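Colleague: make a model of this:
(one chain, ligands or ions: 1)
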Amino acid sequence: MIVPKRMLIAKEDYREIVRDCIDASPYEACGLISGYRVDSGLTVVANRVYPARNLDGSATSYRVSPEDQIRIMLDMENEGFELVGIYHSHPDGRAYPSLTDVEQAFYPEAVYLIVGMKDGIEVRGYHIENPRLAEVLRNKTRSRLRSVVDVEILVKDDPA
Ligand SMILES: [Zn+2]
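Modeller: Numbers count the residues shown, from 1 in each chain. Model prediction:
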């Protein structure tokens, strides 16, 4: 597995994510981002944002609606792209993954984008290696494998 170090995202898509988070507030927003990989997988290029329903309807947690997820993933596949990112907001928190975020991160190849809204809008990307998933994959203890790595986000007028 290649861990992405960088995400390129168009200004328009970036704004759509922030807008969705503001609209969903005080609840957490969530959604998926499609795109493709370049630079041997080190860079992901986002090309479409798919807002989804937060099944939790909560200010402190999110769960992407399975119905939305199936529909979105099928659409990505039909378009010839893949899941490169998952975003959600922290309406009253910073842009740092919570323990739950780490434990529920099941897509290690996706960039987890978190929109902190506590002191203005702060968007940060992470590669999150889920401890339980890592445990299954590598048969190692969970505490050693939980990792959160910053991903640089580059907002461009035209990412291609
Ligand atoms: Zn979170």
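
Colleague: for the residue of the chain found nearest the ion, grab phi and psi.
Modeller: Taking CB to the ion, the ion has its nearest neighbour within the chain at residue 101, 4.1 Å off. The C-beta positions use only the backbone N, C-alpha and C, and glycine is treated the same way. Main-chain dihedrals, residue 101, degrees, to the nearest 10: phi -60, psi -40.

Colleague: give me the number of residues near it?
Modeller: Around residue 101 there are 20 other residues, counting by other CB atoms under 10 Å.

Colleague: and it, how close does it get to residue 41?
Modeller: To residue 41, residue 101 is 23 Å away according to CB to CB, to the nearest Å.

Colleague: could you do residue 118 as well?
Modeller: Distance from residue 118 to residue 41, by CB to CB: 33 Å.

Colleague: strands of this structure, start to end?
Modeller: Ranges of strands within the chain are 6-10, 30-38, 43-52, 82-90, 111-116, 122-129, 147-156, based on DSSP state E.

Colleague: show the pLDDT at residue 152.
Modeller: Looking at residue 152, its pLDDT is 93.
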